[in-house]
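# Return atomic coordinates for the entry below.
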Amino acid sequence: MDLELRHLKTIRAIADAGSLTRAATVLGLAQPALSAQLKRIERALGGTLFERGRDGVRATALGDLVLDRARVVLPAVCELQEEAVRFARQGAGGYRLGGTHGPLLGGLVDRLARTEPGAQVTTYTSWSEREIARGVAAARLDFALVGVCGESGPPEAGRLAWTEVARDPVHVMLAADHPLAARAEIELAELAAEAWSDVPGDGCFGDCFAAACARAGFTPACVYETDTASCVHLVQVGRAVGLCRATFPATPGLVTRPLAGTPLVWRHLLGWHPEGRAAGRAAAVLAHARAAHTDALTRSAAHTPAPSPDRAVPVPARASGAVRASGAGRE
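Numbering: from 1, shown residues only. Alright, predicted model coming up:
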């Protein structure tokens, strides 16, 4: 016999009632039928759950273990049922969004919440563009907001419909006191001796960056692959430089500058299942995503003016040392 939720409810009812007789009354069963059911449950779990006595029943050590789990599982299942009912009643009015890390997902959520205040908007984030796309293909998500470099194809291209939200030149992210920070644009080759910071991902951006470096005449040595906050910190203290999208938000202690000749391009994409429940709303969501991109650009570090060479910029002290790394921050 497989353990079911109704069995956990039975065990909890017996423990709460303190006797089989009272539990049978609560459950609407005859006492012999409840006793027989309890024996089947105990056989399935491999041991006695309650000790019987003149004053009722008392949980054994195994019974306490099962009760502890039941007190977690049963409320969680109840909450799941309630949330599912709310979601089903809401129907096509809800939005399940998946995205990689960056400002566009938050901007899209904000715009949907403002224009449709009654709609439920849920989000799921991952470093993996493929994981997000699989979630849409499996109907766990309605829309995927991800990116690819250059003309690379999106994940799940044969199953999902994809539309370009925007395309941005990739910028370099520098400490505000970096010797090149005052430049309007920077040649990639001028950064050959730098360390680089990177964020995780399963796309081809790392390969595209390595190819761009090869065309510029150098090969990056290694990579600091870490979360966005750590990448920013490494740049702020001068331990590394990084690459970022033009939508990267303005951040104290660093600047972003275009790379001369635009050796790398980032394409923001919106994907959905053409036969999914959200397909009819794709045009509206795409318009919101494009507006969120425009908003992100106006707040981005790319709009930060270059500091005057004769004016000091207050930033954290730059780190010393000859540690080198390579990579391409995709934020």
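
# Helices of the stretch 151-300 of the chain, start to end?
For the stretch 151-300 of the chain, applying DSSP state H, counting those that start in this stretch gives helices covering 205-215, 228-236, 282-298.

# Please point out which parts of the second one sit buried.
Just to be clear, that refers to helix 228-236. T228, C231, V232, H233, L234, V235, Q236 (16 or more other C-beta atoms under 10 Å). (Glycine included, C-beta is placed from N, CA and C.)

# Now for G63: which residues touch it?
Contacts for G63 (C-beta atoms under 8 Å, 6 or more residues apart in numbering) come out as I11, A15, T48, L49, F50.

# same deal with I132?
Applying C-beta under 8 Å, 6+ apart, the residues near I132 are G98, G99, T100, Y124, S126, L141, A144, L145, V146, P155.

# Grab the nearest non-local neighbour of it.
Distances taken as C-beta to C-beta, 6 or more residues apart in numbering place G98 nearest to I132, at 4.1 Å, with adjacent residues excluded.

# and which of the buried residues of helix 228-236 is nearest L259?
V235 (15.3 Å; C-beta to C-beta).

# tell me the contacts of that closest one?
Going by C-beta under 8 Å, 6+ apart, V235 touches M173, L174, A175, S197, V241, G242, L254.

# again, only this time at 10 Å
By C-beta atoms under 10 Å, 6 or more residues apart in numbering, the residues touching V235 are 172-176, 178, 195-197, 241-242, 244, 251, 253-256, 329.

# Among those residues, which are located in strands?
The strands, defined by DSSP state E, take in V172, M173, L174, A175, W196, S197, V241, G242, C244, L254, V255, T256 from these.

# how far away is the closest residue to the fourth one other than its chain neighbours from A176?
It stands for A175. In space, and not counting its chain neighbours, A175 is closest to G238: 4.8 Å by C-beta to C-beta, 6+ apart. G238 sits 10 Å away from A176, going by C-beta to C-beta, to the nearest Å.

# Same check on A44?
Computed as C-beta to C-beta, the A44 to A176 distance reads 65 Å.

# If you count neighbours, what's buried in the helix or strand containing A44?
A44 is part of helix 31-45, with elements assigned from DSSP states H and E. Neighbour counts using 16+ other C-beta under 10 Å place L34, Q37, L38, I41, E42, L45 of helix 31-45 among the buried residues.

# in the stretch 51-200 of the chain, which spans are strands?
All strands of the stretch 51-200 of the chain, identified by DSSP state E, counting those that start in this stretch, fall at 56-59, 95-99, 121-125, 143-149, 161-169, 171-175, 196-198.

# now for the fourth one, which elements pack on it?
Right, strand 143-149. If contacts are counted by 3 or more C-beta pairs under 10 Å, 6 or more residues apart in numbering; DSSP states H and E, strand 143-149 sits against strand 95-99, helix 103-115, strand 121-125, helix 129-137, strand 161-169, helix 205-215, strand 265-272, helix 282-298.

# among these, which is nearest V26?
When the helices and strands packed on strand 143-149 are compared by C-beta to C-beta, strand 121-125 sits nearest V26, at 36.7 Å.

# and the closest one, which strands flank it?
Strand pairing for strand 121-125, using DSSP bridges, gives strand 95-99 (parallel).

# ok and the strand it pairs with relative to helix 103-115, angle-wise?
Strand 95-99 and helix 103-115 meet at an angle of 170 degrees, taking axes from the mean of the first three to the mean of the last three C-alpha atoms, to 10 degrees as the criterion.

# change the start of the numbering to 3 and stick with it
Sure, I'll start numbering at 3, so the last one becomes strand 97-101.

# And strand 97-101, how far out from the chain middle?
The chain centre lies 10 Å from the centre of strand 97-101; the measure is C-alpha atoms, centre = their mean, to the nearest Å.

# List the residues that contact V111.
Each residue near V111 by C-beta under 10 Å, 6+ apart is listed here: Y97, L99, G101, V123, T124, T125, L147, H290, A294.

# and the second one, what pLDDT?
Just to be clear, that refers to L99. As predicted, L99 sits at a pLDDT of 96.

# For D204, give its distance to W129.
Note on D204: its distance to W129, by C-beta to C-beta, is 7 Å.

# do the same with V174
The spacing between V174 and W129, counted by C-beta to C-beta, is 21 Å.

# Tell me which of the two has more neighbours.
Between V174 and W129, counted using other C-beta atoms under 10 Å, the more crowded position is V174 (29 against 15).

# My understanding was that that one contacts V243; is that so?
Yes: contact status for V174 versus V243: in contact at 5.9 Å, counting by C-beta atoms under 10 Å.

# Pull up the overlap in contacts between those two.
Residues touching both V174 and V243 by C-beta under 10 Å, 6+ apart: H180, L182, I188, L193, E196, W198, V237, G331.
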